[in-house]
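Colleague: pasting the sequence and the predicted model now:
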Amino acid sequence: MISLSPQETISAPNMISAHFKSTSPQPLKFVVLAFLDRVPAERPGVEINLMAFSFTNAEIRDRLVDMAARFPHLRIRLLVDWGLVAPGKGNLVRELAEGGPANLEVRFKYDQPYKWNRQLGQLAWDYNKSLGLLHHRTISVSVDGQPIQMLLGSYNWTQRGENNYENLVEIAPETGEELRILKEFDNEFFAMWDNPALALPLAKALAQKDAFHQALSHASSSIVHPRSLRHPFIPRHQLDHLKEPLTGDLVLAFSSKRPDEEVARNGFSGSGKQRHFFMMKGNGKEKKVPISLTTLALDVLHRAQPGEEVLIAMFAFSKRVADYTALLDRVRLGVRARLIVDRQVSGDFGRELQAKAQAEELPLEVRMGTRCMHQKYMVNPSRGMVLTGTANSTTDAIQRHCDHRLLVRNRMELAGKFREDFETMWNRIQPL
């Protein structure tokens, strides 16, 4: 077993740190490249595990290919959304899967997002048919199976991502809690990667797509999903908080949906039903509840007291989620709230919510700018609380997609960074 000192592992502050498009002096791709530069790739036993929804940045691709070529013992795994199976200009993942280094392996998270276009005689991608996007964006680094650093956030590794309002969060295991978070991410990654029906190499993904083509072109009403969906999963890391409720300052939630099931789960790693924490209820009392995308959001909102302010930057927001009801309940009790949502995706929601706030004279204001606002976070600066990740406040995030949210408590400096990002965006946007 190799022992790494903090100085050897990472040169950034040994903590949870955040980077934002709004306040960064350089493109966020350089944060990713700098993170990869700090990987101790020359050591044996090093692994880089990545999950991506979209990936078109050639510089990040080239850095991974160069690292794989220079260090043959380095193992790189890249798990991506099914949408990247299709060939096309700029699809760097498809190129990697077809001819990348042997120690850079690519797999595609299984999905069936197609309908049949009779006019063209071919499959047509349809978001509403999808069984669930792989919406994670993470890079995890391990030595001898022990995670040492991680990068996550709303930022896609694309040119469009450089133009959006985005964030990146870097985690290094300063405490046992941070190490636990990295281990939980590892378990979720390998729960998908090791399941041959959930993570398919390119050849099997293309064969599966051909099967979809045959079934849909013959107007078949049913698609046979891959077998062995219940492939046995052995966690890479044994977690010590499955029996007792989690009481620390860091809580991580996942969403997932097996293709052969109707009901979503709190992650593929199998511990979703066992993981609990004490969530604050609207009546001011704590209750032991399962850890989920929803319960983490409710905890942030319910802990906000009259006179405190909650800042929400959310790409997509729906009235059908519990986050929305809890938000209105809190502002009616005197909690102040400001929301930034994306104009193109959530414009109707934003205008309707602003009208409701004005009609009821609620301490709530909504703004929407012209630039894509791709952030997905809630912050209570007074309490040092940050909720961030890849999940939007939508039913699709909860019921279909592979998403995550990280709740951080009692980190005033981190909350201050998120507040700075929020205020920067807010001040650039005109009121409705």
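Modeller: Right, received. Where do you want to start? Numbers count the residues shown, from 1 in each chain.
Colleague: can you tell me the closest non-neighbouring residue to residue 188?
Modeller: Counting by Cβ to Cβ, 6 or more residues apart in numbering, residue 269 is the residue found nearest to residue 188 once chain neighbours are left out, at 4.9 Å. For the C-beta atoms, the positions are set from N, CA and C on the backbone; glycine is no exception.
Colleague: now do residue 400
Modeller: Excluding the flanking residues, the one nearest residue 400 by Cβ to Cβ, 6+ apart is residue 132, at 4.2 Å.
Colleague: can you report how many residues neighbour that neighbour?
Modeller: Close neighbours of residue 132, defined as other Cβ atoms under 10 Å, add up to 25.
Colleague: cool, and the one 4 residues further on?
Modeller: Per other Cβ under 10 Å, the neighbour tally for residue 136 reads 26.
Colleague: surely it and residue 49 touch.
Modeller: No - using Cβ atoms under 8 Å, residue 136 is not in contact with residue 49, being 10.8 Å away.
Colleague: phi and psi next, for residue 377.
Modeller: Backbone geometry at residue 377, expressed as degrees, to the nearest 10, gives phi -140, psi 160.
Colleague: ok, now the one 3 residues further on?
Modeller: The phi and psi values for residue 380, taken as degrees, to the nearest 10, are phi -120, psi 90.
Colleague: any idea how far residue 179 is from it?
Modeller: From residue 380 across to residue 179, the span is 25 Å (Cβ to Cβ, to the nearest Å).
Colleague: same question for residue 355.
Modeller: To residue 179, residue 355 is 46 Å away according to Cβ to Cβ.
Colleague: the two: who's more crowded?
Modeller: The residue with more neighbours, out of residue 355 and residue 179 and counting by other Cβ under 10 Å, is residue 179; that gives 17 against 12.
Colleague: C-terminal to the strand or helix carrying the more buried one, what's the next element?
Modeller: Here residue 179, judged by DSSP states H and E, is contained in helix 176-193. As assigned by DSSP H and E, the chain's next helix or strand after helix 176-193 is strand 199-200.
Colleague: so which elements touch the helix or strand following that next one?
Modeller: The element immediately downstream of strand 199-200 (helix or strand, assigned by DSSP H and E) is helix 202-217. Counting contacts by 3 or more Cβ pairs under 8 Å, 6 or more residues apart in numbering; DSSP states H and E, helix 202-217 is packed against helix 92-99, strand 104-109, strand 114-117, strand 122-125.
Colleague: what comes up buried for helix 202-217?
Modeller: 202, 204-206, 208-209, 212, 215-216 (16 or more other Cβ atoms under 10 Å).
Colleague: for stretch 135-147, same thing?
Modeller: For stretch 135-147, using 16+ other Cβ under 10 Å, the buried residues are 135-143, 146-147.
Colleague: now do the helix holding residue 179: which elements does it pack against?
Modeller: On a contact count with 3+ Cβ pairs under 8 Å, 6+ apart, helix 176-193 meets strand 46-52, strand 75-80, strand 138-143, strand 146-153, strand 167-171, strand 250-255, strand 403-408.
Colleague: what strands line up against the shortest one, and which way round?
Modeller: What that stands for is strand 167-171. strand 16-20 (antiparallel), strand 146-153 (antiparallel) (DSSP bridges).
Colleague: out of these, which is closest to residue 390?
Modeller: Smallest distance to residue 390 across the strands paired with strand 167-171 (Cβ to Cβ): 7.8 Å, for strand 146-153.
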